[in-house]
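Novice: Coordinates for the following, if possible.
(one chain, ligands or ions: 1)
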Amino acid sequence: MSITIEQIRSDFPILKKEIEGKPLVYFDNAATTQKPRQVIDSVNEYYRLHNSNVHRGVHLLSRQATISFEETRKKLAAFLNAAHDYEIIFTRGTTESVNLVAYTYGEANIHEGDEVIVSGLEHHSNLVPWQQLCFRKRAKLRVIPVLDNGELDLASYTALLNERTRLVAVNHISNTLGTINPVREITRLAHEYGAVVVIDGAQALSHGPVDVRDIDCDFYAFSAHKTYGPMGIGGLYGKEELLEKMPPFHFGGEMIETVSFEKTVFNKLPYKFEAGTPNVADAIAFGAAVDYISNLGWDTIRQQENLLLEYGTEKLLQVEGLKIIGTASHKASIISFLLDNIHFYDAGSVIDHFGIAVRTGNHCTQPLMARFGIQGTIRASFSFYNTTAEIDRLVEAINKVKELFA
Ligand code: PLP
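Specialist: Sure, this is the predicted structure:
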């Protein structure tokens with residue numbers, strides 16, 4: 001790496017924080033990533049210098065806000081390799097993006113007797129909207145099983161696909177196990193049956209390049225806060241021809257072209273799906289996060305995260321009585337584990353006293369927990385700003401947990 005880890009860490013003010021007198025070790029990056037100075041400054045600067053509503057005013061502030069807001073859309077389109085800027089719709093995040101597709105495309109195109117396929121690895125955000133849609137439409141929800149190592153059972157997936165399959169919704173990377181799913185292949189197979197594919201990219205955008213045209217997915221949902229950007233903003237990529245045909249999600253200002261009491265003509269893409277005042281400040285700061293990642297470069301990010309995944313796996317496996325759940329051959333830097341005879345909440349609380357933030361619980365994947373016959377796990381998820389020395393501190397803390405509960 002040409003840039004040092006210390007230089008990278010100095011961009012993230014929160015990493016200087018101390019918890020109970022110990023330097024914070026932040027291993028909850030799959031829940032949300034920390035924000036670099038550039039992102040924090042962007043939000044601050046927007047409200048101090050540029051605050052104004054977009055697309056509405058002819059005055060300078062409004063024009064500037066609109067330019068910066070639309071600039072982020074362009075950056076995201078390039079980041080995802082979308083064919084057009086207007087294929088990127090701003091939403092509050094992955095959850096809202098998935099709901100947008102379920103309530104617009106889903107309501108219009110899924111009918112009684114149709115089948116929707118999800119995977120056993122899904123976060124509730126990419127499961128419940130489809131389950132509820134199937135209830136409303138009397139359609140059938142089918143589930144791709146998960147193998148013991150946390151990979152999807154692709155043979156079963158192939159067998160599930162048939163002429164009634166209308167939609168396939170899977171995540172790119174599992175937030176609980178770190179499995180990187182073969183979304184390109186999943187999409188190709190779904191398209192053979194004419195099914196539309198929704199990818200939940202919440203975890204993927206921060207770990208490596210995403211190319212929606214290469215995947216050929218129809219929709220791709222993401223959240224800024226998991227990608228070093230602010231909370232409350234995210235997006236949905238959708239193929240133009242599908243977005244054009246879909247009805248709007250929310251109705252109101254911004255999404256209209258003309259309104260009379262008799263009828264409303266909807267706005268063109270992407271505004272048709274962006275009713276009301278958007279989260280301008282955070283959208284612009286999302287652009288700053290994309291710039292930050294692009295400047296750092298995927299090589300640097302992947303090199304550090306792969307190192308942490310390898311080192312973390314090796315060190316954790318040396319702890320007696322520790323079991324890793326999820327050992328897929330392609331994994332992101334997320335490790336879920338359990339300790340023999342120690343409840344994950346107890347372990348997490350003690351680890352917290354060492355200034356280490358790990359996640360404990362079901363990680364919004366209750367059916368996946370049921371698949372493994374467990375209630376939850378302890379999850380350490382690493383970012384490029386984490387270090388092997390921090391992993392050593394986690395291992396030390398785990399050993400203390402074991403002593404305490406021996
Ligand atoms: N999908 C996955 C795989 C996630 O990890 C998460 C968040 O943890 C979500 C969806 C939901 O994202 P958000 O809460 O930002 O809408």
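Novice: And for whichever strand or helix holds T95, what's in contact with it?
Specialist: Taking DSSP states H and E as the criterion, T95 maps to helix 94-101. Contacts with helix 94-101, where a contact means Cβ atoms under 8 Å, 6 or more residues apart in numbering, come from 89, 91, 125-126, 129, 169, 198, 200-202, 219, 221-223, 226, 234-236, 238, 249, 273. C-beta: built from backbone N, CA, C; applies to glycine.
Novice: same check, this time on stretch 122-135
Specialist: Contacts of stretch 122-135 with the rest of the structure, by Cβ under 8 Å, 6+ apart, involve 94-95, 98-99, 102-103, 106-107, 110, 116, 118, 139-141, 167, 169-171, 175-176, 198, 200, 202, 221, 363-368.
Novice: Identify the residues contacting N279.
Specialist: Under the contact definition (Cβ under 8 Å, 6+ apart), the residues listed for N279 are F90, R92, G232, I233.
Novice: May I see those residues arranged in TSV, with neighbour count, distance to the ligand and secondary structure as well?
Specialist: Supplementary listing: those in TSV, determined by neighbours: other Cβ atoms under 10 Å; distance: Cβ to the nearest ligand atom, whole Å; DSSP: H, G, I helix; E, B strand; the rest coil:
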residue	neighbour count	distance to the ligand	secondary structure
F90	25	13	strand
R92	19	7	coil
G232	16	9	coil
I233	25	10	coil
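Novice: how far away is the closest residue in space to S52 that isn't next to it in sequence from Y46?
Specialist: With Cβ to Cβ, 6 or more residues apart in numbering as the criterion, S52 has its nearest non-adjacent residue at 3.6 Å, and that residue is L61. L61 sits 11 Å away from Y46, taking Cβ to Cβ, to the nearest Å as the criterion.
Novice: Also K263?
Specialist: For K263, the distance to Y46 equals 36 Å [Cβ to Cβ].
Novice: Of these two, which one has the most company?
Specialist: Of the pair K263 and Y46, Y46 is the one with more neighbours under other Cβ atoms under 10 Å, namely 22 against 7.
Novice: Please tell me how far the more buried one sits from the ligand.
Specialist: When distances are taken as Cβ to the nearest ligand atom, to the nearest Å, Y46 and the ligand turn out to be 21 Å apart.
Novice: what does K226 give?
Specialist: For K226, the distance to the ligand - Cβ to the nearest ligand atom - is 6 Å.
Novice: Ok, L100 next?
Specialist: Here the criterion is Cβ to the nearest ligand atom. By it, L100 lies 12 Å from the ligand.
Novice: just N171 next, same as before
Specialist: Distance of N171 to the ligand, given as Cβ to the nearest ligand atom: 5 Å.
Novice: Might you report the residue contacts of that residue?
Specialist: Listed by Cβ under 8 Å, 6+ apart, the contact set of N171 reads S119, L121, E122, H123, N126, N181, I199, D200, G201, A202, Q203, A204.
Novice: need the contact list for the residue nearest to S52.
Specialist: Under the criterion of Cβ under 8 Å, 6+ apart, the contact list for L61 reads H50, N51, S52.
Novice: How far does the helix holding T95 sit from its chain's centre?
Specialist: 12 Å (Cα atoms, centre = their mean, to the nearest Å).
Novice: now for whatever helix or strand comes next after it, which elements pack on it?
Specialist: Sequence-wise, the next helix or strand downstream of helix 94-101 (DSSP H and E) is helix 107-109. In terms of contacts (3 or more Cβ pairs under 8 Å, 6 or more residues apart in numbering; DSSP states H and E), helix 107-109 is packed against helix 128-137.
Novice: what about the helix it packs on and the ligand, any contact?
Specialist: No: contact of helix 128-137 with the ligand is not found when judged by Cβ under 6 Å from any ligand atom; the minimum separation is 10.6 Å.
Novice: While we're on A406, how confident is the model there?
Specialist: Looking at A406, its pLDDT stands at 85.
Novice: swap in S2?
Specialist: For S2, the model assigns a pLDDT of 81.
Novice: so where is this protein shaky, pLDDT-wise?
Specialist: Judged against pLDDT under 70, the low-scoring parts of the chain cover residues 1.
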